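In: Below are the sequence and a predicted model for it; my questions follow.
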Amino acid sequence: MNPPDPTLRLKVDTAALADNWRNLDALSGEAAAGAAVKADCYGLGVETCVPALRDAGCEAFFVAHCSEVEAVAKHVPAQQIAVLHGVINAGEIAYAQGIGAAPVINSLDQASAWSAAGGGMCHLMVDTGINRLGVAPAEIGNSAVQALEIDTLLSHLACADEDSDKNAQQLAAFEEVRNTVPHARASLANSAGIALGSAYAFDLTRPGLALYGGVPRPELDGSIRQVAHVEAAILQTRTITAGDTVGYNAQFRAEKDMRVATVSLGYADGFMRSRGPGSHLLHGEKRLPILGKVSMDMIVVDLVDAPELREGDWLSVPFNLKNAAQQSGLSQYELLTTIGTRLRKS
C-alpha cells in the first residue's frame, strides 16, 4: 500500500536555481562559476539541484566528503567533482582515484600519501588566514606539495560577508602564493567573495549559499531569487477562550476568545524554536502569528485574519533566507541545511 501524501511540502524552484547560477557566473566576470553542492545541495537535494546546475552550464562541483561523490557523479562526470575535505586515509585515496574525483589536498601528509599511492590530478587548499583546512603558505615549497599535479589552487575567505580588512589581507597572501606552485586554475571567492569584485574572482568562483537563495552581501540583492518554498498543512483548528494557554511552558496566554490552528511543522523539519517568537506563517498575503513555542513537529498559529481555514488547508512558511535569518538569529546556512528529512522526502 502506498503511503498517503505528506502534510509538508518542499518545492525547489530549479528555474530560480539555474538563474542564480547564471547571475553569479556573470558576476564572476572572466572567471567561471562552479557550485558547492555539499550537504545534499545545502539541504535541497542533489537529485533535484545538480541536474539543474549542470544544464545551466556549471562544470565544477564541490562536495565536502568522499561519501557525497557518488550521488553527484550520477549526474556529472566524476572528474568535475572536487572533495573539499581531501583524502585522510588509504580507503579515501583509493576511492577518489578509482572513481576519478579530485581531492583537495589540505596538508603535507595528504600530499605525501596521495603521491605515494600513484597521485593524479588534484587540487590544493592553501590557508591564508581562516585557519581551518589547508597547507600554510610557508609549506608551499615543500617537495610533497611541489610534486602534486594541481588543477586548482584554492583558498577560502574568512570575512567575505563583511567589510573587513582581512579580505584584502587574504587576497594579497593568495596572490603571493600563486607564484610559488604550478597550477592550472586559481579559486578564492565563495558567494560573498564574488560580490567583492573581479580582483577576488581569479579563474573559478565557488558559490554555495547564493545559489540556493541566500544573500550574504547587499551587492547581491536583486540578483538572487528564492529557491526553497515550504508549505505545511493544518492538522486541527479550535477555539480557545480568554486565559487559555498554548504550547510548552504556557508561554502564550489568550487575552480573549480566539480561533487557532495546529500546523504540521516543527524543529524536526528545520523550523527551529528561535523562528517562533514574532514570526508568522502565511495564507496568501495574510500573516498568521505563531503562538507559543515551536514544538518538535507542530506549531500553533492565530486564525483571527483567516477564520475560514480548516483541517487540511495549506499555509506557506516565509523562506526568504535573508529576512528569516534576521528574524530568527539563525544564519542563512543553518536555515537551509537543517531542513528535515520529512520535507526533503515530501
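Out: Right, received. Where do you want to start?
In: Show me what stretch 212-226 is in contact with.
Out: Stretch 212-226 is contacted by residues 13, 16-17, 19-20, 23-24, 27, 41-42, 44, 49, 160-161, 191-192, 194-196, 209-210, 227-228, 319-322, 332-333, 336 when judged by CB atoms under 8 Å, 6 or more residues apart in numbering. Using the backbone N, CA and C atoms, a C-beta is placed for each residue, glycine as well.
In: Apply 7 Å and report the result again.
Out: 16-17, 19-20, 23, 27, 42, 44, 161, 191-192, 195, 209-210, 227-228, 319-322, 332, 336 (CB atoms under 7 Å, 6 or more residues apart in numbering).
In: Inside strands: which ones of the residues you listed?
Out: In strands, defined here by DSSP state E, the members of those are Ala228.
In: Show me where the stretch 201-346 of the chain has its strands.
Out: Assigned by DSSP state E, counting those that start in this stretch, the stretch 201-346 of the chain shows strands spanning 204-205, 228-240, 245-246, 252-253, 258-263, 280-283, 286-291, 299-302, 314-317.
In: what would the ones you listed look like in a markdown table with mean pLDDT, distance to Ala113 and mean neighbour count?
Out: Output for these, formatted as a markdown table (pLDDT from 0 to 100; distance: least, CB to CB, whole Å; neighbours: other CB atoms under 10 Å):
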| stretch | mean pLDDT | distance to Ala113 | mean neighbour count |
| --- | --- | --- | --- |
| strand 204-205 | 98 | 25 | 25 |
| strand 228-240 | 97 | 39 | 18 |
| strand 245-246 | 97 | 57 | 18 |
| strand 252-253 | 96 | 57 | 16 |
| strand 258-263 | 98 | 51 | 21 |
| strand 280-283 | 97 | 51 | 20 |
| strand 286-291 | 98 | 51 | 19 |
| strand 299-302 | 98 | 49 | 26 |
| strand 314-317 | 98 | 46 | 20 |
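In: Turn the ones you listed into CSV, including distance to Asn142.
Out: Below are the strands of the stretch 201-346 of the chain laid out as CSV (distance: least, CB to CB, whole Å):
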stretch, distance to Asn142
strand 204-205, 24
strand 228-240, 43
strand 245-246, 62
strand 252-253, 61
strand 258-263, 57
strand 280-283, 56
strand 286-291, 55
strand 299-302, 55
strand 314-317, 50
